[in-house]
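> Below is the sequence, then the predicted model.
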Amino acid sequence: MPRDLIRDLSWLAKMLEVYNGQAVVLNRRPVVRDFFAVDAGGEEAVDGGMGGFFGGRWFAVKWEEVRQWKEQPFSPFKDVASSHINYLELLVIFWALKKWGHLLRGCKVVMWSDNEAARLMTGNLWGKATFTPLLKEIMLLTIRHDVRLVMKRISTKANDLVDALSRSQIGRFYDLLELWSRREAPRDPDDWMVKDWL
């Protein structure tokens, strides 16, 4: 059997193991209102990497660290396509769900990204062949953690908190975090727009 078919069947077996015909009931809990944003700094950046922020929790991982991870079918930097910024932005979404998915169980979650391609691919779970293994992993994580992910666009300027993390500018991040923590949370539970209060 071709290797791609074996990978697809393996992924399907994983999904069936997780889902196993059980009814998934989303939105048992309210929509998560914490600011949840991700960003990837381009590979060409000196201290480039990926960063994520979720209601006070955060991560910053340099690309040199990612290159040392165990190789997976969706690993970045295997070729030109998996080194493209759109692929790296999608990887950050995967990593954020892997890291914080258990905290979001049963919720509808708004995740903000300044990368339109990653936002659309994640929202539709569709993309070019290069992106498919990573999109499958994202889908598997949303099923495993019973999460409905809603991707929203945020301007690069408004995404500066996470941009600092993706560029390993930790001092700048802490300065921005202090400003962020002083802001009031949105009040309207039906129309939550981070850009209105960032």
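Nice, I can see it.
> only C-alpha atoms for contact and neighbour calcs from this point on.
Noted.
> Sketch out the low-pLDDT regions of the chain for me.
Filtered on pLDDT under 70, the chain yields the residue ranges 5, 9, 11-12, 15-16, 18-34, 42-47, 183-198.
> And the strands in this structure, which stretches?
Counting by DSSP state E, the chain forms strands over residues 36-40, 49-54, 57-62, 108-113, 148-153, given from the N-terminal end onward.
> Which strands or helices does the second one pack on?
Spelled out, it's strand 49-54. strand 36-40, strand 57-62, helix 63-66, helix 85-100, helix 160-166 (3 or more CA pairs under 8 Å, 6 or more residues apart in numbering; DSSP states H and E).
> Let's see that with 6 Å instead.
Contact partners of strand 49-54 among helices and strands, from 3 or more CA pairs under 6 Å, 6 or more residues apart in numbering; DSSP states H and E: strand 36-40, strand 57-62, helix 160-166.
> Which among those is found nearest to F131?
strand 36-40 (15.7 Å; CA to CA).
> Could you figure out how far the closest one is turned away from strand 108-113?
Computed by axes from the mean of the first three to the mean of the last three CA atoms, to 10 degrees, the angle separating strand 36-40 from strand 108-113 equals 30 degrees.
> And for the residue lying closest to M121 once chain neighbours are set aside, the neighbour number?
On the basis of CA to CA, 6 or more residues apart in numbering, the spatially nearest residue to M121 that is not a chain neighbour turns out to be G127, at 5.6 Å. G127: 16 surrounding residues under other CA atoms under 10 Å.
> just H145 next, same as before
Look at H145: counted by other CA under 10 Å, it has 20 neighbours.
> again with R167
Neighbours of R167 under the rule other CA under 10 Å: 24.
> quick one: contacts for H102?
Applying CA atoms under 6 Å, 6 or more residues apart in numbering, we find H102 in contact with H145.
> no wait, G52
G52 sits in contact with 37-38, 58-59, 162, where contact means CA under 6 Å, 6+ apart.
> which among those residues end up buried?
Buried members of the contacts of G52, scored by 16 or more other CA atoms under 10 Å, are 37-38, 58-59, 162.
> Among the residues you listed, give me the pair with the biggest separation.
Taking every pair in these and measuring CA to CA, the maximum separation is 10.9 Å, between A37 and F59.
> then stretch 95-103 to CSV, C-alphas only?
Taking Å, rounded to 0.1, in the frame of the first residue of the first chain, the C-alpha atoms of stretch 95-103 are listed here in CSV:
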residue,chain,number,x,y,z
TRP,A,95,0.4,23.5,19.1
ALA,A,96,-2.0,25.8,21.0
LEU,A,97,-4.8,23.2,20.8
LYS,A,98,-2.4,20.4,21.8
LYS,A,99,-1.2,22.5,24.8
TRP,A,100,-4.5,23.9,26.0
GLY,A,101,-7.2,21.7,24.4
HIS,A,102,-8.0,20.0,27.7
LEU,A,103,-8.9,23.4,29.3
